[in-house]
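Enquirer: have a look at this fold, sequence not included:
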């Protein structure tokens, strides 16, 4: 029986926390889910020595990984299981060891099974990267109500 | 001599109007610059029969073209000549003949010579496409002050 | 009744030609389908005055439109109707009025209903842009056998 | 003094190996540079438990990270230091724990300081993802001759 008393934004937070707890990757990277609501998520990660590229700055793969995580929590926030189909990222400034990167994912459009989310990764006020993700719902839910 | 009395948002509108007036393409397509300010532009275009694909809906190239135009007015809005380096677009819903598409370009981050802009193309409230553009300033201005 | 004698590459060419003949856009732009085979298409277009941006070079929208057309012919080449979900384009060099742009679309991967195609747009040997498209089959065929 | 006897493809391999040896990230992930030549690189990584998402398959961030690494070795292969400006990735099939992902990066176009590279990530013959990267040279070399 579906629980009608569930508040959508509370559910979105529970979904994000559940997803993160099931991941090997996000936990290994120290990803923290700061907040989530319907169509929105904010996640953070501190750059470590084992996340650096040869220039001594955060590897593009780790910046992408954080953005992709925030995107995943946001596009699953209605409890309809969704996967990433495509993602695009523009790198603007480097992030350095010890810096805390914060990724904010915002829904920009949904139609049928597709959704588009924009994620901005910042260190403080500085924009590190801007990401755009296209998701597709695949049937089923993320958490049981 | 630089004219210090120029209001930045007025200049942004003048830049957009000047760019559009110099184009063969935007005029041939009936692109209208609805408004512009620093880091922002909104442009519109009505879908015509010669803009349709084989499905009878707006060709992806025309949806992109409108988004790209709004991106161009926004990324040149500080009167530093800029060109598109990369663009990415997700198509969510079709647009039909006679429908007025409105593209709204918003600056999401700027660093050095690079800028990232997000453009949403809508028909009324419906999101047709979401676009992300990466620009690069190339030296020089768009209009003389 | 399905005609088992159809040669797949012949069918791919017929599909491309049929799609182009149904379009308002491709015909208005003078797009020519040079060739098509399964998972591949090559299309061309000559840059006209009404396709120029304010710099006097081909508008990014028209470069995209040609690439998107070649992508469409390639991703429909198996006679399973497909639409563009996402496309990404990097602009490398400008194209000028009177230059003939040739777009070559090559399939890079297919899984389930999704396909990824890379399109290179050239003028002679010069690379004008590189495009990547993600398609999705939507059920149904393009032409009747 | 520049050593004119350097063979470009040998240098490309040395550059890739040097870049990988300086990274915290690639080493932590177990990235192996399989081969490199001018405008080309192939790198591999085996999916580990700490690289999985909540679905138990390789996190999109790790697939991206491997593709981005191959892209970096390829776009630096002429010993002109280059950085990623933009990257785009389409996910086609999942990769599972213990599977060896191989990313092959191929140059598709270069103009001025920009380059475009396509990277295909496979497990065996299966295409996991297709990636497109846009690089920019930043002055300086990667290794001393």
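Expert: Ah, there it is. Keep in mind that this is a model prediction, so the values were computed, not measured.
Enquirer: isn't residue A:61 right next to residue D:23, touching?
Expert: No. Because the distance of 10.3 Å does not satisfy CB atoms under 8 Å, residue A:61 is recorded as not touching residue D:23. C-beta coordinates here come from the backbone N, C-alpha and C atoms, glycine included.
Enquirer: more neighbours, those two?
Expert: More neighbours surround residue A:61 than the other of residue A:61 and residue D:23, with 25 against 22 (other CB atoms under 10 Å in any protein chain shown).
Enquirer: quick one: contacts for the more buried one?
Expert: Going by CB atoms under 8 Å, 6 or more residues apart in numbering or on different chains, residue A:61 touches D:25, D:61-62, D:64-66, D:68-69.
Enquirer: next one: residue A:21
Expert: The neighbours of residue A:21, taking CB under 8 Å, 6+ apart as the test, are residue A:27.
Enquirer: now the helix or strand hosting it: how far from the chain's centre is it?
Expert: Element membership for residue A:21 (DSSP states H and E) is helix A:8-22. Its chain's C-alpha centre and that of helix A:8-22 lie 12 Å apart, by CA atoms, centre = their mean, to the nearest Å.
Enquirer: quick check: which ranges of chain A have low pLDDT?
Expert: For chain A, the stretches with pLDDT under 70 are A:1-4.
Enquirer: chain C contacts on that one?
Expert: Selection of chain A residues close to chain C by CB under 8 Å from any CB of the partner chain yields A:85-86, A:88, A:114, A:134.
Enquirer: adding distance to chain B, secondary structure and neighbour count, write the residues you listed out as TSV.
Expert: Formatted as TSV, the residues of chain A next to chain C follow (distance: CB to the nearest CB, whole Å; DSSP: H, G, I helix; E, B strand; the rest coil; neighbours: other CB atoms under 10 Å in any protein chain shown):
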residue	distance to chain B	secondary structure	neighbour count
A:85	9	strand	22
A:86	7	strand	26
A:88	4	strand	25
A:114	6	strand	21
A:134	5	strand	27
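Enquirer: reformat those as CSV; add distance to residue B:105.
Expert: Converted to CSV, the residues of chain A next to chain C look like this (distance: CB to CB, whole Å):
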residue, distance to residue B:105
A:85, 24
A:86, 21
A:88, 16
A:114, 22
A:134, 19
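Enquirer: residues contacting residue A:137?
Expert: Contacts of residue A:137 were listed using CB under 8 Å, 6+ apart, and they are A:80-82, A:113, A:115.
Enquirer: let's go with 7 Å and repeat that
Expert: Under the criterion of CB atoms under 7 Å, 6 or more residues apart in numbering or on different chains, the contact partners of residue A:137 comprise A:80-82, A:113.
Enquirer: from these, which two are the most distant?
Expert: Longest distance between any two of the contacts of residue A:137 is 10.9 Å, between A:81 and A:113; criterion CB to CB.
Enquirer: quick one: which of the two has more around it?
Expert: Each of residue A:81 and residue A:113 has its neighbours counted (other CB under 10 Å); residue A:81 has more, 19 against 14.
Enquirer: how about the nearest residue to that one, chain neighbours excluded?
Expert: The spatially closest residue to residue A:81, leaving aside those adjacent along the chain, is residue A:140, at 4.6 Å (CB to CB, 6 or more residues apart in numbering or on different chains).
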